[in-house]
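**Q** here are the coordinates; sequence isn't available:
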């Protein structure tokens, strides 16, 4: 069963009840994931674990930054669409760095570059830095560009199925070394 499908199914079942409030229900589900052990999340989804990443797919993983002592902050559990890679590292966009409203706007734009509309195991983003930088429709991507060293990845990669991207992107799974408010303030400064 895909990673977050049980949350979707619970929502569909609950939505059939009279007076059901979708927003309130999802908010409560999101709050419940705030304390989730991310290592267990990865370990508990063996069917979606991989040691190899490919550009355009969405991955979650545990991370310990090499230069953490000199960084103002970083995300210990990134959710990344990689767009380039080499033997020692990969670069991609970690949408955790955007406040939810801007995350949604960027994701709406990114859905225009999916390889197909099937949203199956082959669906990915046709993504590159050049493409992102070439159009104002992707204007929120820049603060999200991060480089990750394979040697500092602490878990296997968890590949999120394309039909669950929205759920994964809007659950509070980020693990910043400072408050989200501070991260978002820095992001908004970079966007202005």
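**A** Noted; the coordinates are in hand. Since we're looking at a predicted model, the values are computed, not measured.

**Q** which stretches of the chain form helices?
**A** Along the chain, the stretches classed as helices by DSSP state H are 5-15, 22-33, 38-43, 100-110, 129-134, 165-170, 180-191.

**Q** so where's this protein uncertain?
**A** Within the chain, the stretches with pLDDT under 70 are 1-35.

**Q** spatially central residue for it, please.
**A** In the chain, the residue lying closest to the centroid (C-alpha atoms, centre = their mean) is residue 79, at 2.9 Å.

**Q** quick check: closest non-adjacent residue to it.
**A** Of all residues not flanking residue 79 in the chain, residue 60 sits nearest, at 5.1 Å (C-beta to C-beta, 6 or more residues apart in numbering). Quick note: C-beta positions are derived from backbone N, CA and C, even for glycine.

**Q** equivalent analysis for residue 156, please.
**A** residue 49 (4.2 Å).

**Q** show me what contacts residue 53?
**A** The contact partners of residue 53, taken as C-beta atoms under 8 Å, 6 or more residues apart in numbering, are 59, 82, 85, 90, 157, 159.

**Q** would you mind putting the residues you listed into CSV with distance to residue 119 and neighbour count alongside?
**A** Below are the contacts of residue 53 laid out as CSV (distance: C-beta to C-beta, whole Å; neighbours: other C-beta atoms under 10 Å):
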residue, distance to residue 119, neighbour count
59, 17, 24
82, 19, 23
85, 23, 16
90, 23, 21
157, 20, 23
159, 14, 21
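
**Q** show me those that map onto strands.
**A** Of these, the ones assigned to strands by DSSP state E are 59, 82, 85, 90, 157, 159.

**Q** in stretch 68-78, which residues are buried?
**A** Neighbour counts over stretch 68-78 (16 or more other C-beta atoms under 10 Å) mark 73-78 as buried.

**Q** returning to that earlier point: format the contacts of residue 53 as a markdown table; extra columns: distance to residue 113.
**A** Listed next are those as a markdown table, based on distance: C-beta to C-beta, whole Å:
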| residue | distance to residue 113 |
| --- | --- |
| 59 | 18 |
| 82 | 14 |
| 85 | 18 |
| 90 | 19 |
| 157 | 22 |
| 159 | 18 |
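
**Q** out of these, the closest to residue 147 would be?
**A** residue 90 (7.5 Å; C-beta to C-beta).

**Q** was I right about the residue nearest to residue 156 contacting residue 158?
**A** Yes. Contact criterion C-beta atoms under 8 Å: residue 49 and residue 158 qualify, at 6.1 Å.

**Q** please say which of those two ends up with more neighbours.
**A** Each of residue 49 and residue 158 has its neighbours counted (other C-beta atoms under 10 Å); residue 158 has more, 25 against 15.

**Q** ok, that one to residue 38 distance?
**A** 9 Å (C-beta to C-beta, to the nearest Å).

**Q** who touches both of those two?
**A** residue 60.

**Q** and the buried residues of stretch 68-78, which is closest to residue 124?
**A** residue 78 (17.4 Å).
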